[in-house]
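got a predicted structure plus its sequence, pasted below:
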Amino acid sequence: MLRADALPENTLKAAYLYNFALLTDWPKGDKSENFNLCFFRENLGTASDVLQNKTLHNQKLKVLTVTNAQEAKECKMLFIPESEEQRGEKVIQKLAGTPVLVITENMSFADTHIMIVRDNRKLAFDVNLQTFKNTDLDVSSRLLKLARKVEP
């Protein structure tokens, strides 16, 4: 059996992102054929490529890199890396209230749905329920049970 901590960090992050998408429901009415999983300014390298063209919610998963909030509005999910503190906060503010699932690694960001954190040298994640409620996204109770912490 392969130990989870033996996998490269970006591979684990990519797996987290895929599972976050599986365990989240978006508002009905979206008829687009693609599920856009976006990375703000930098992706996870080859770990992101593995996700390309998988199927999520009966849509083909497309991995994109975006550089501003306008582009990010075309995404179902947006991952903002820790390195994008200043620009990332502005994008999050402009996406407030939209059905874009925002995931980050930066503990200082407010209004993100999910934050990936390092907990004793392992990756974990925290969930902000209020942000889900503000964006009409439904998070599965299964995802909440797996979270390290759930903010009400």
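Right, received. Where do you want to start?

who are the contact partners of L51?
14, 17-18, 37, 61, 63 (Cβ atoms under 8 Å, 6 or more residues apart in numbering). Backbone N, C-alpha and C define where each C-beta goes, glycine included.

sort out for me which of the residues you listed are in strands.
Secondary structure from DSSP state E places 37, 61, 63 of these in strands.

show me what the residue minimising distance to the centre of the chain is bridged to.
Per Cα atoms, centre = their mean, the C-alpha nearest to the average position across the chain is that of I103, at 3.6 Å. Counting by DSSP bridges, I103 is bridged to F79, I114.

measure it to F132 for me?
Distance, I103 to F132, using Cβ to Cβ, to the nearest Å: 12 Å.

what is in contact with those two at once?
Common neighbours of I103 and F132 are listed as H113 (criterion: Cβ under 8 Å, 6+ apart).

would you mind writing the CA trace of the longest helix seen in the chain as CSV?
Using DSSP state H, we find that the single longest helix of the chain is helix 9-22. Output of helix 9-22 as CSV, limited to C-alpha atoms (Å, rounded to 0.1, in the frame of the first residue of the first chain):
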residue,chain,number,x,y,z
GLU,A,9,2.7,17.4,-2.5
ASN,A,10,1.3,18.7,-5.8
THR,A,11,-0.1,15.2,-6.6
LEU,A,12,-1.9,15.3,-3.3
LYS,A,13,-3.2,18.8,-3.9
ALA,A,14,-4.5,17.8,-7.4
ALA,A,15,-6.3,14.8,-5.8
TYR,A,16,-7.8,17.1,-3.1
LEU,A,17,-9.1,19.5,-5.8
TYR,A,18,-10.7,16.7,-7.8
ASN,A,19,-12.4,15.3,-4.7
PHE,A,20,-13.5,18.8,-3.6
ALA,A,21,-15.3,19.1,-6.9
LEU,A,22,-16.9,15.6,-6.6
